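> Need a 3D model of the following:
(one chain, ligands or ions: 1)
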Amino acid sequence: MTVLSVEGLSKTFDMHVLGDTQVVGLDDVSFDVREGEFLAVVGESGSGKSSLLKCLYRTYDPTGGRIVYHGADELADGDAGDGIDLAACDDREVIALRDATIGYTSQFLDEIPRVPAVDVVARPLREQGVPAEDARGEARELLSRLDLPEALWEAYPATFSGGERQRVNLAQALSPRPTLLLLDEPTSALDPETRQAAIDLLREYVGEDTTVVGVFHNTAVIEAVADRVVVLDDGKLQRVVPVADFEGEVVG
Ligand SMILES: Nc1ncnc2c1ncn2[C@@H]1O[C@H](COP(=O)(O)OP(=O)(O)OP(=O)(O)O)[C@@H](O)[C@H]1O
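Numbers count the residues shown, from 1 in each chain. Here you go, the predicted model:
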């Protein structure tokens, strides 16, 4: 079953400071994502990878095209099975979808001042109604799996290193077990050992219930986790290939 259909997606940026010129982020990009699939997005710097993820999460309003999402048909206004067009739905629906089924993480942690790491990770679970101690227990389990030293679990992420923050960030994205998980370079600051722990965890979490679209720069990570690879070039879709046919030459 298809979870996400990206159809003719475009995003242009109006650059008023540059005399109203336009910058193309995405140009007529189409592909499908199947339920439980792990799709890696690659391409050279500036090819549109982050713009694609931000359009899927609706941080950016797409300029054209459709993003039909079937992971929350029960929230759709129309007939069940029609899906929800993430490119067109209103902000209220976007917020409801994010709360219920869509997770996103960039490589940078959005810090919440004076909230310990374990509570940052437990927070999405608490928002789903999970009791505090169960949520904190699940958070500790995730932080432990990602090798975050126990001494840091009750500390504030503001003082953490880049790699430590990235582990909190990834744990926070995984904790609510979203239906669709969007990852923008979630392992870029990790050392090889911690990266392996992150790969193991991602492989365990992703499957029938969670579908992933993720930007990765590391070929070994892509080969370890991805089912198929979307290659972008200058905002356009160059090809979509099974990971076995991916030669790693365009990991920007
Ligand atoms: N908010 C924005 N305002 C203006 N232009 C933008 C904005 N976001 C992206 N762009 C432009 O869109 C194009 C694609 O950028 P994007 O960040 O999606 O590329 P990327 O493949 O993720 O690059 P990188 O690997 O360097 O992170 C670039 O030319 C970029 O300058």
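> chain center to stretch 191-210, what's the gap?
Centroid displacement of stretch 191-210 relative to its chain, using C-alpha atoms, centre = their mean, to the nearest Å, is 13 Å.
> Now that stretch: buried residues?
Buried residues in stretch 191-210, defined by neighbour count with 16 or more other C-beta atoms under 10 Å: 194, 195, 196, 197, 198, 199, 201, 202, 205, 206, 210. All C-beta spots, glycine's among them, are computed from the backbone N, C-alpha and C.
> show me where the stretch 51-200 of the chain has helices.
91-100, 117-127, 132-145, 162-174, 192-205 (DSSP state H, counting those that start in this stretch).
> ok, residue 39 to residue 144 distance?
Counting by C-beta to C-beta, to the nearest Å, the gap between residue 39 and residue 144 amounts to 28 Å.
> Which one's more surrounded, the two?
Each of residue 39 and residue 144 has its neighbours counted (other C-beta atoms under 10 Å); residue 39 has more, 20 against 14.
> now that one: how far from residue 183?
Counting by C-beta to C-beta, the gap from residue 39 to residue 183 is 10 Å.
> what sits in contact with each of those two?
212, 213, 214 (C-beta atoms under 8 Å, 6 or more residues apart in numbering).
> Those residues in strands, which ones?
When the shared contacts of residue 39 and residue 183 are checked against strands (DSSP state E), the matches are 212, 213, 214.
> Can you turn the buried part of the residues you listed into a ChimeraX selection?
For anyone working in ChimeraX, the buried entries among these, judged by 16+ other C-beta under 10 Å, can be selected with:
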select :212,213,214
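> Reformat the ones in strands among the shared contacts of residue 39 and residue 183 as JSON lines; add pLDDT and distance to the ligand.
Shown next, in JSON lines, are these (pLDDT from 0 to 100; distance: C-beta to the nearest ligand atom, whole Å):
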{"residue": "212", "pLDDT": "95", "distance to the ligand": "17"}
{"residue": "213", "pLDDT": "96", "distance to the ligand": "13"}
{"residue": "214", "pLDDT": "95", "distance to the ligand": "12"}
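> Can you add distance to residue 86 and give the ones in strands among the shared contacts of residue 39 and residue 183 back as CSV?
Below are those laid out as CSV (distance: C-beta to C-beta, whole Å):
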residue, distance to residue 86
212, 16
213, 12
214, 17
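> which residues touch the residue nearest in space to the middle of the chain?
With distances taken as C-alpha atoms, centre = their mean, the residue of the chain nearest its centroid is residue 182 (1.4 Å). Shown in contact with residue 182 (C-beta under 8 Å, 6+ apart): 53, 56, 57, 102, 103, 104, 105, 212, 213, 214.
> Could you report the pLDDT at it?
Per-residue confidence (pLDDT) for residue 182: 95.
> The one 3 residues further on now?
Reading off the per-residue confidence, residue 185 sits at a pLDDT of 88.
> mind listing what it touches?
106, 107, 215, 216, 217.
> which ones are touching residue 136?
So residue 136 contacts 118, 119, 122 (C-beta under 8 Å, 6+ apart).
> so the second one sits right up against residue 139, yeah?
So that's residue 119. Yes: using C-beta atoms under 8 Å, residue 119 is in contact with residue 139, at 7.4 Å.
> Compare those two (neighbour count), which wins?
Neighbour totals were compared for residue 119 and residue 139, and residue 139 leads with 26 against 18 (other C-beta under 10 Å).
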